[in-house]
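Engineer: Test case, fold it:
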Amino acid sequence: MKQLSIISFVMAFTLSAHADVALHGLFTDHMVLQRDMSASVYGRADAGEKVSVSFAGQNKATTADKDGSWLVKLDAMKACADPAAMAVAGKNKLTLEDIVVGDIWVCSGQSNMGFAMGAYGSPYVGEHFELPLVRQFHVSSPPSMSPVSSVKGNTHGGKSGKWLVCSPKTGKFFCAVGVYFARKVHLETGIAIGIIKGAWGGTRIEPWVTPEGWASIPEMPPVGKLPATYKINPYPSTPHCLYNSWIHPLTCFAIKGALWYQGESNGNEGISYFHKQRALIGGWRRAWNQGEFPFYFVQLAAFQRPTDDPKGGNGWAMCRMAQLKSLSIANTGMAVAIDLDDVENPDNIHPWDKKSVGERLALWALAKDYPSTTLRTGGKAADLVYSGPLYRGMKVEGGAIRISFDSVGSGLLIASRKGGFEPLGKDPQGKLQRFAIAGKDKKWFWANAVIDAKTVVVSSPDVPKPVAVRYAFSMNPEGSNLYNEEGLPASPFCTDDWMMK
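Structural biologist: Modelled structure (predicted):
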């Protein structure tokens, strides 16, 4: 089945009947090949043409099939930062220069993932990185109603789309979240990191889902019964249309994992977004056929003006609950971002602090995917605290509820700031904010919340018999200040499912 998939994948290139040997669009100078697994090299040639590929001491040969498709598989290679050339020969010869072997991460979603270092007057445009072992390929293709195999790269003013090496000259074109992720992982591990940026602003999750992934989740509605709004312009919303043209062309290319930052355009949803993430992640994993590769995503940041209703549930609050629930999907991770909103302009849907987002995603990757790495600061990556506190459970104790957490790290603390670029500080005299409590009558009141060792005890004189607690459960939970000692914020949570039902 995989061989048939590969053949059907490469046969869609459009060339003349008698053509020179050609490579798929992902193969250019400066590219990164995935380490520790067989890496496919593929393209087009004349039917029956013999094609050879030479790279890093390996020599592989094949014959183009009757449709002109060819593919060779390089043996698994260790990470290598020494640039090498790849020679491809048929009736003609091609040479690609400056290829390294490392890890490939696909960066996808909507505009907060697409946000480039030089975009929208970003304050990061002045950070000129010289990172020769961090490279990016930026996918840029029109939507398609059927899977396509060719891929186009964003030219960034050049003659053709290709891999870019991160430098002071090119850094402004890099995905901000992706490059901060890549920088941290690379500097900690020494491994070359390639990011493939495939993100489209304003898009819903549906166009990124594979047909197979959609069909595999019983809770997903039949595509034919979706409302007409799923076909609106200028943002493509039709199911599968961006998977078909932006992600499907990548699926024969070996990768390490995926990073996902999306949800704003699905922000009014609750449990349905969880099912859509199940469809997305499962579908991509089936398409790549690399098992349950890591899939790390960003929980939605705070947005718009805060409200003072302890019940909460407005705006993106329930979508964040669906994202939290998505951690139940195997080999996933979530970077909390509710503290990274634009404090001076809460109506900015593109918070500037992509550095913290990228580095929080990198903590998940370092701990989970590079566990044996010795960190620059000492210790093993496996011992990193990679998440802020995550709700684990509750216990009613008289007129109070005790909340327990995973990812407590060295302990819980009350933070002295929220948002902006100032360093995190402790506030020993402060009070925990944005905790609400309710009884069986489902009437919510702001609560007194106190850290007790590695738990939080929540109570209110207005609720003598409490049954449920909510934390930071609003569109903009301004003032939410529960962190762990490692400086990572707690995720919003609800102990009840009253609204999610």
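Engineer: Give me the residues contacting the longest helix anywhere in the chain.
Structural biologist: The longest helix of the chain (DSSP state H) is helix 271-288. Under the contact criterion C-beta atoms under 8 Å, 6 or more residues apart in numbering, helix 271-288 has outside partners 205-206, 208-214, 216-217, 219-220, 243, 247-248, 251, 255, 258, 260, 263, 266, 269, 291-293, 295, 297, 318-319, 322-323, 325-326, 329, 332, 500-501. C-beta here means a position set from N, CA and C on the backbone, and glycine is covered the same way.
Engineer: Out of the residues you listed, which sit inside strands?
Structural biologist: Mapping the contacts of helix 271-288 onto strands (DSSP state E) picks out Ala258, Trp260, Phe295, Phe297, Thr332.
Engineer: which one of those residues sits closest to Val177?
Structural biologist: Among the ones in strands among the contacts of helix 271-288, Trp260 lies closest to Val177 (C-beta to C-beta), at 10.1 Å.
Engineer: And the closest one, what's its pLDDT?
Structural biologist: pLDDT for Trp260: 98.
Engineer: wait, it sits on Met113?
Structural biologist: Yes - taking contacts as C-beta atoms under 8 Å, Trp260 lies within contact range of Met113: 7.3 Å.
Engineer: and for the two, which residues touch both?
Structural biologist: Shared between the contact lists of Trp260 and Met113 (criterion: C-beta under 8 Å, 6+ apart) are residues Val298.
Engineer: State the helix or strand in which Ile403 lies.
Structural biologist: Secondary structure from DSSP states H and E places Ile403 in strand 400-406.
Engineer: can you give me the mean pLDDT across that strand?
Structural biologist: Averaged over strand 400-406, pLDDT sits at 98.
Engineer: Alpha carbons of it, as CSV, please.
Structural biologist: Extracted C-alpha coordinates of strand 400-406, given in CSV (Å, rounded to 0.1, in the frame of the first residue of the first chain):
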residue,chain,number,x,y,z
ALA,A,400,-13.9,23.9,50.0
ILE,A,401,-12.6,22.0,47.0
ARG,A,402,-8.9,20.9,46.7
ILE,A,403,-7.5,21.0,43.2
SER,A,404,-4.6,18.8,42.2
PHE,A,405,-2.4,19.2,39.2
ASP,A,406,0.1,17.5,36.9
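Engineer: which helices and strands sit right next to it?
Structural biologist: Under the contact criterion of 3 or more C-beta pairs under 8 Å, 6 or more residues apart in numbering; DSSP states H and E, strand 400-406 touches strand 390-397, strand 455-459, strand 468-471.
Engineer: Out of those, which is the most enclosed?
Structural biologist: Stretch with highest mean neighbour count among those: strand 468-471 (a mean of 26; mean count of other C-beta atoms under 10 Å).
Engineer: State the next helix or strand along the chain beyond it.
Structural biologist: Strand 468-471 is succeeded, C-terminally, by strand 482-484 (DSSP H and E).
Engineer: Can you point out the buried residues in that next one?
Structural biologist: Residues of strand 482-484 classed as buried by neighbour count (16 or more other C-beta atoms under 10 Å): Leu482, Tyr483, Asn484.
Engineer: In the protein, where is pLDDT below threshold?
Structural biologist: 1-18, 120-128, 157-160, 232-234, 417-423, 501 (pLDDT under 70).
Engineer: domains in it, as residue ranges please.
Structural biologist: With domains defined by automatic domain parsing, the chain comprises 2-99, 101-383, 390-494.
Engineer: Can you say which of the ones you listed is packed in most?
Structural biologist: Mean neighbours per residue, mean count of other C-beta under 10 Å, is largest over the domains of the chain for domain 101-383, with a mean of 20.
Engineer: Now the terminal residues of it, how far apart.
Structural biologist: 26 Å (C-alpha to C-alpha, to the nearest Å).
Engineer: How about stretch 260-270?
Structural biologist: End-to-end distance of stretch 260-270 (C-alpha to C-alpha): 18 Å.
Engineer: Contacts for stretch 461-470, please.
Structural biologist: Here stretch 461-470 makes contact (C-beta under 8 Å, 6+ apart) with 310-312, 394, 396, 399-401, 403, 435-440, 442-445, 447, 458-460, 492-496, 498.
Engineer: and Phe181, which of the three is it?
Structural biologist: Secondary structure for Phe181, judged by DSSP: H, G, I helix; E, B strand; the rest coil, is helix.
Engineer: From Met37, how far off is it?
Structural biologist: For Phe181, the distance to Met37 equals 21 Å [C-beta to C-beta, to the nearest Å].
Engineer: Toward the C-terminus from the strand holding Ile403, list the very next helix or strand.
Structural biologist: Following strand 400-406 in sequence order, the next helix or strand is strand 412-414 (DSSP H and E).
Engineer: contact partners of the very next helix or strand once past that following strand?
Structural biologist: Scanning forward in sequence from strand 412-414 by DSSP H and E, the next helix or strand is strand 435-438. If you take C-beta under 8 Å, 6+ apart as the criterion, strand 435-438 is touched by 310-312, 401, 444-449, 456, 458-460, 463, 466-471, 473, 496.
Engineer: tell me how far strand 435-438 is from the chain's mean position?
Structural biologist: Distance of strand 435-438 from its chain centroid, counting by C-alpha atoms, centre = their mean, to the nearest Å, is 32 Å.
Engineer: Now do the helix or strand following that strand: which elements does it pack against?
Structural biologist: Per DSSP H and E, the first helix or strand lying C-terminal to strand 435-438 is strand 444-446. Packing partners of strand 444-446 (3+ C-beta pairs under 8 Å, 6+ apart): strand 435-438.
Engineer: List the neighbouring strands of the strand it packs on plus their orientation.
Structural biologist: Applying DSSP bridges to the sheet, strand 435-438 is found paired with strand 444-446 (antiparallel), strand 468-471 (antiparallel).
Engineer: Look at Gly47 and tell me its secondary structure.
Structural biologist: In this structure residue 47 is Ala, not Gly. Counting by three-state DSSP, the backbone at Ala47 sits in coil.
Engineer: for the closest residue to Pro207 other than its chain neighbours, what are its contacts?
Structural biologist: Counting by C-beta to C-beta, 6 or more residues apart in numbering, Pro207 lies nearest to Leu242, which is 4.1 Å off, once chain neighbours are set aside. Leu242 makes contacts with Pro143, Trp200, Thr203, Pro207, Trp208, Pro236, as judged by C-beta under 8 Å, 6+ apart.
Engineer: part of a helix, is the last one?
Structural biologist: No - when the secondary structure is assigned by three-state DSSP, Pro236 falls in coil instead of a helix.
Engineer: Which residues are in contact with it?
Structural biologist: Contacts for Pro236 were tallied using C-beta under 8 Å, 6+ apart; they are Pro143, Trp200, Thr203, Pro207, Leu242.
Engineer: And these, which two are furthest apart?
Structural biologist: Every pair of the contacts of Pro236 checked by C-beta to C-beta; the farthest is Pro143 and Thr203, at 9.4 Å.
Engineer: if we can go back for a sec, which single one of the contacts of Leu242 is nearest to Ser372?
Structural biologist: Within these, proximity to Ser372 (C-beta to C-beta) peaks at Trp208, which comes in at 32.8 Å.
Engineer: What spatial separation is found between that closest one and Asp20?
Structural biologist: Separation of Trp208 from Asp20 (C-beta to C-beta): 34 Å.
Engineer: Redo the helices and strands packed on strand 400-406 as JSON lines? Include distance to Asn59.
Structural biologist: Formatted as JSON lines, those follow (distance: least, C-beta to C-beta, whole Å):
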{"stretch": "strand 390-397", "distance to Asn59": "49"}
{"stretch": "strand 455-459", "distance to Asn59": "61"}
{"stretch": "strand 468-471", "distance to Asn59": "59"}
